[in-house]
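A.B. asks: give the three-dimensional model of this entry:
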Amino acid sequence: MSSPLDSLARVGRLAAFGARATAAALLALPRPNLWVRPFYGMVVGALPMAGVAGLAIGVVIWLHTRDVLARAAPGAVEYLPTFLAAAVLLELAPVGAGLIVAARTGASLGAELASMKVGEQLDALRLLGVSPLARLVGPRVLAAVLAVPVLHVLIATVAMGSGFVAETVAGQTTPLRYETAAVRELYVADVVPAALKTLAFGLVVGVAGCFVGLSAREGSEGVGRAATDAVVVCSLLVLATDVFLVGAIKALG
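C.D. replies: Below you'll find the model as predicted:
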């Protein structure tokens, strides 16, 4: 069991690695041949989960909130699209996209890089004069940064669409009324910072997943442990980053 000093040292190593990985990701941006493939895998592989998450979010919020608003006041139900849009666009869609990528991509990054380390492929790259940070880590971090916003848009679209379908089936709305109510109390200054959080979520997932994979111990057990640890670390960092960013946005706003 690690001591608090060991944990603090690991946090310091993660921060230093994050700075170098971010620089490598920026340098990989003009080289799409390195990051398009992992980006495609992250997005396409997570599409079913994102679609189901958006559908569940929209329907469940509609079911719960409608009953509460109906009990609160007779005319309060007309604000249901407003509550749904605020919950989805400001919090549930960004965090949902971050956690989906943390669960799926975090494990993939941890296991993939750990297996490369165990198989001495990283040492082979170094012998060839190729930096694993520039060749492997940077493109994957960049792919994660770009994948989370795409999934956020999908989750938000499906959630708002499923809420509209539920309202239409209940005979309570029309497309124009639903759209008007959804954007009634939302402003660009609210929605844009919430959407930009997804870039930070992708960054922490990419950095943490690669860090755990490169820090794995030797053997097949180390690869399995790296996959598990990557999911836990990435998910915790997404939630912690969300709390920090929401506090910072409110303080600055």
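A.B. asks: count of neighbours near Val60?
C.D. replies: Residues lying near Val60 (other Cβ atoms under 10 Å) number 13. C-betas here are computed from N, CA, C, even on glycine.
A.B. asks: helices or strands up against the helix or strand hosting it?
C.D. replies: Under the criterion of DSSP states H and E, Val60 resides in helix 32-72. For helix 32-72, the elements it packs on are helix 80-87, helix 93-118, helix 138-169, judged by 3 or more Cβ pairs under 8 Å, 6 or more residues apart in numbering; DSSP states H and E.
A.B. asks: what residue is smack in the middle of this structure?
C.D. replies: Centroid-nearest residue in the chain, with Cα atoms, centre = their mean: Gly98, separated by 1.5 Å.
A.B. asks: I figured it hits Leu203, correct?
C.D. replies: No - the criterion here is Cβ atoms under 8 Å, and Gly98 misses it with Leu203 at 10.3 Å.
A.B. asks: which stretches in the stretch 151-253 of the chain count as helices?
C.D. replies: For the stretch 151-253 of the chain, applying DSSP state H, counting those that start in this stretch gives helices covering 175-182, 188-214, 220-252.
A.B. asks: most tightly surrounded among these?
C.D. replies: helix 188-214 (a mean of 23; mean count of other Cβ atoms under 10 Å).
A.B. asks: picking that back up, of the helices and strands packed on helix 32-72, which is nearest Leu199?
C.D. replies: Of all the helices and strands packed on helix 32-72, helix 138-169 sits nearest to Leu199, with 5.6 Å by Cβ to Cβ.
A.B. asks: next, the angle helix 175-182 makes with the closest one.
C.D. replies: 120 degrees (axes from the mean of the first three to the mean of the last three Cα atoms, to 10 degrees).
A.B. asks: list the helices and strands helix 138-169 packs on?
C.D. replies: helix 4-28, helix 32-72, helix 80-87, helix 93-118, helix 175-182, helix 188-214.
A.B. asks: which of those has the lowest mean pLDDT?
C.D. replies: Ranked by mean pLDDT, those end with helix 175-182 at the bottom, a mean of 78.
A.B. asks: please enumerate residues in contact with that one?
C.D. replies: Residues from elsewhere that reach helix 175-182 (Cβ atoms under 8 Å, 6 or more residues apart in numbering): Glu78, Tyr79, Leu80, Pro81, Thr82, Leu84, Ala85, Met160, Phe164, Glu167, Thr168, Thr173.
A.B. asks: most neighbours among those residues, which one is it?
C.D. replies: Using other Cβ under 10 Å as the neighbour criterion, Leu84 leads the contacts of helix 175-182 with 27 neighbours.
A.B. asks: OK, contacts around that one?
C.D. replies: Gly58, Ile61, Trp62, Thr65, Ala159, Met160, Gly163, Ala182.
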